[in-house]
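Trainee: Here's my sequence, what's the structure:
(chains A and B)
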Number of protein chains: 2
Amino acid sequence: MKKAFNQIETIDVAEAVDAVQTYLRDLQNRICHFVAEQEEDKHQFIEDPWQYKDKGGGVSRVLVGSSVIEKAGVNFSHIHGQQLPQAATLKRPELANASFRALGVSVVIHPLNPYVPTSHFNLRFIVVEKEAQLPFWWFGGGFDLTPYYGFVEDCVHWHQMAKNACEPFGADVYPTYKKWADDYFYLKHRDEQRGIGGLFFDDLNDWGFEKSFRFIRSVGEHYLKAYQPIMLRRKTCQYGQKERDFQLYRRGRYVEFNLLYDRGTLFGLQSNGRTESILMSLPPLVVWQYNWQPAANTPEEKLYKTFLPPKEWV
Amino acid sequence: MKKAFNQIETIDVAEAVDAVQTYLRDLQNRICHFVAEQEEDKHQFIEDPWQYKDKGGGVSRVLVGSSVIEKAGVNFSHIHGQQLPQAATLKRPELANASFRALGVSVVIHPLNPYVPTSHFNLRFIVVEKEAQLPFWWFGGGFDLTPYYGFVEDCVHWHQMAKNACEPFGADVYPTYKKWADDYFYLKHRDEQRGIGGLFFDDLNDWGFEKSFRFIRSVGEHYLKAYQPIMLRRKTCQYGQKERDFQLYRRGRYVEFNLLYDRGTLFGLQSNGRTESILMSLPPLVVWQYNWQPAANTPEEKLYKTFLPPKEWV
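Mentor: Predicted structure coming up:
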């Protein structure tokens, strides 16, 4: 008999989904707590629970207009769909017309201060079920950093935490997922990286569920360890209009990446997800300036020349 | 013998391209003249000639920061490529691996005053050549209007001019291309129109070259007739921060449309066109605000309820 899904292990779907959901909901709470703590008059998140058309839904949390965080979106979602969207089946045609569950946490933090990088973090768990076949599942996720002004110590720390997250799972894990992030967070039409990368992975299941889930949690725990010290170091840096203008300009790249390339965004929009939650990742204020180039020997030029090109930070 | 290309008429490619190019370059000049004339201290366009990697190139003209026009891009391009990009061959697989020429004028005008709508206009001529086969060609284009505040007389005028442009070519032309614009300038993920539409057409060749080219010119001439009186009527309207905020917010939809759906943008980026010229269409300053909704019985709500849903304006 033909094995339709290349599945290595059968899982108890209800149990696995429950375990992942419990972890992700708790992580969402802890990330929101971190964001809300960034200033003395602790800003509150708006919380929006929503329903998905087929089944399931999510809880979006958004914080805007604080003196430290201009916009933060910390989303949890768990949707059940009748048909995997095209963004997920292009590489896996055998999964077309299969029903699915997708659980995930997705975080984008756009700080006000241009010296604090934007950070993005995502974990997702997909389970596909098709009649008379074993369930097929995989994990995906990662975190990446988008600085406007580069600081070597921040980049080294960020990647050290990414490496630490991966280390217990094999020596090749960090190099592999670091390169995947470099390849993924790339704007082909600009021949430019979105930021300094970090980790990106998808289709993770060949470790089996237990080890994969442990890895997911390790990535989750290391995201805050990676971002927290950078936030603390930079959030009080003095800046002026020049730095703010550059930040608003560079945010345009964030929009271009998310709408042109980002799998999560396209998956969400194609599966008729909740648009406001999916596009929560977009920066609050953005500038497009025709053919702008940084002047020679400025910190802005240094971002392009020194920080954006992929390199080994640790 | 199998007729590989569904071509109705052979044209002299060099002659046809030359005629279309002459018209489009002249039209580009006239549109720039119109834009520059919008204020007393006539602003000048920046002109950037550029080369395409394979062959050909273009002339981009951009005006920014005038007191009437916040950003205008008036592009001419004429590129020769070795291979039609995917955006053009999805529906015409027989044209894959064929070399092509693409000539076009593309215009986007983002006024400063929120009472003046953004307008978009495009004409393009594509010729595909494949060894041992007759050349295949088609025209595409149209114009559409994106108001922030709706005025019935503006919408009626805009569509009257669209209708006038089409009238000499048959009674069904305006209804057909008006509907095509309604279908095309639609943000599926918002279930929302980009604006009030106008005309959109593509794959136009079944009239033969002469009639098609006459139609193209009629569309070109009517674009300015359609936009000019609206610009004149609205550019001196008083507005405040509320209207400006709404304009910046609505501009987000413009970005979403162009990066998620627009054929010209995707064609350009996929053919490794000049990114700065392709993305010239993006507004200069944009706001994304989570889950914003217009208040009841405001002009902002009226835009959504009365003006954006497709309707017969003439």
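Trainee: Contact residues of chain A facing chain B?
Mentor: Counting by C-beta under 8 Å from any C-beta of the partner chain, chain A comes close to chain B at A:46, A:48, A:62, A:64, A:71, A:73, A:188-190, A:252, A:255-256, A:259-260, A:269, A:272, A:275-276, A:278-280, A:282-291. C-betas here are computed from N, CA, C, even on glycine.
Trainee: what do you get if the cut-off is 7 Å, keeping everything else the same?
Mentor: Residues of chain A found near chain B (C-beta under 7 Å from any C-beta of the partner chain) are A:48, A:62, A:64, A:189-190, A:255-256, A:259-260, A:269, A:275-276, A:279-280, A:282-291.
Trainee: Give me the buried entries from the residues you listed.
Mentor: Neighbour counting by 16 or more other C-beta atoms under 10 Å in any protein chain shown classes A:48, A:62, A:64, A:189-190, A:255-256, A:259-260, A:269, A:275-276, A:279-280, A:282-290 among the residues of chain A next to chain B as buried.
Trainee: residue contacts, whatever residue of chain A ends up closest to chain B?
Mentor: For chain A, the residue closest to chain B is residue A:259, as judged by C-beta to the nearest C-beta, at 3.7 Å. Shown in contact with residue A:259 (C-beta atoms under 7 Å, 6 or more residues apart in numbering or on different chains): A:265, B:256, B:259-260.
Trainee: let's see 6 Å
Mentor: By C-beta atoms under 6 Å, 6 or more residues apart in numbering or on different chains, residue A:259 lies in contact with B:259-260.
Trainee: Out of the buried ones among the residues of chain A next to chain B, which sit inside strands?
Mentor: Taking DSSP state E, the ones among these that sit in strands are A:48, A:62, A:64, A:285-287.
Trainee: Present those as a markdown table; the columns should include distance to residue B:143 and pLDDT.
Mentor: Listed next are those as a markdown table, based on distance: C-beta to C-beta, whole Å; pLDDT from 0 to 100:
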| residue | distance to residue B:143 | pLDDT |
| --- | --- | --- |
| A:48 | 38 | 93 |
| A:62 | 37 | 96 |
| A:64 | 36 | 94 |
| A:285 | 29 | 98 |
| A:286 | 26 | 98 |
| A:287 | 26 | 98 |
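Trainee: Return the member of those residues nearest to residue A:55.
Mentor: Within those, the smallest distance to residue A:55 is 18.2 Å, found for residue A:48 (C-beta to C-beta).
Trainee: Excluding chain neighbours, what is closest to that closest one?
Mentor: residue A:60 (4.5 Å; C-beta to C-beta, 6 or more residues apart in numbering or on different chains).
Trainee: quick one: the one you found from residue A:69, how far?
Mentor: In this view, residue A:60 and residue A:69 are 16 Å apart by C-beta to C-beta, to the nearest Å.
Trainee: same thing with residue A:298?
Mentor: Taking C-beta to C-beta, one finds residue A:298 at 27 Å from residue A:69.
Trainee: Residue A:28: neighbour count?
Mentor: If you count neighbours by other C-beta atoms under 10 Å in any protein chain shown, residue A:28 ends up with 18.
Trainee: An error on my part: the question was meant for residue A:37.
Mentor: Using other C-beta under 10 Å, the number of residues around residue A:37 comes to 12.
Trainee: Go ahead and confirm the residue nearest to residue A:48 touches residue A:75.
Mentor: Yes: using C-beta atoms under 6 Å, residue A:60 is in contact with residue A:75, at 5.1 Å.
Trainee: overlap in contacts of those two?
Mentor: residue A:277.
Trainee: where along chain A do the strands fall?
Mentor: A:46-51, A:55-64, A:69-81, A:99-111, A:118-129, A:136-146, A:186-187, A:192-193, A:197-204, A:285-287.
Trainee: Tell me the confidence at residue A:3?
Mentor: Looking at residue A:3, its pLDDT reads 38.
Trainee: can you check residue A:17 too?
Mentor: For residue A:17, pLDDT reads 95.
Trainee: What lies in contact with the helix or strand bottoming out on mean pLDDT in chain A?
Mentor: Within chain A, confidence by mean pLDDT, DSSP states H and E is lowest for helix A:86-89 among all helices and strands, at a mean of 74. Residues outside helix A:86-89 that contact it (C-beta under 6 Å, 6+ apart): A:95-96, A:263, A:266-267, A:270.
Trainee: buried subset of these?
Mentor: Counted by 16+ other C-beta under 10 Å, the contacts of helix A:86-89 give A:95, A:266-267 as buried.
Trainee: Turn the residues you listed into CSV, columns for pLDDT.
Mentor: Below are the buried ones among the contacts of helix A:86-89 laid out as CSV (pLDDT from 0 to 100):
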residue, pLDDT
A:95, 80
A:266, 88
A:267, 82
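Trainee: got the residue ranges for the helices in chain A?
Mentor: Secondary structure of chain A (DSSP state H): helices located at A:13-36, A:86-89, A:152-166, A:173-184, A:209-234, A:241-260, A:263-270, A:275-278, A:299-302.
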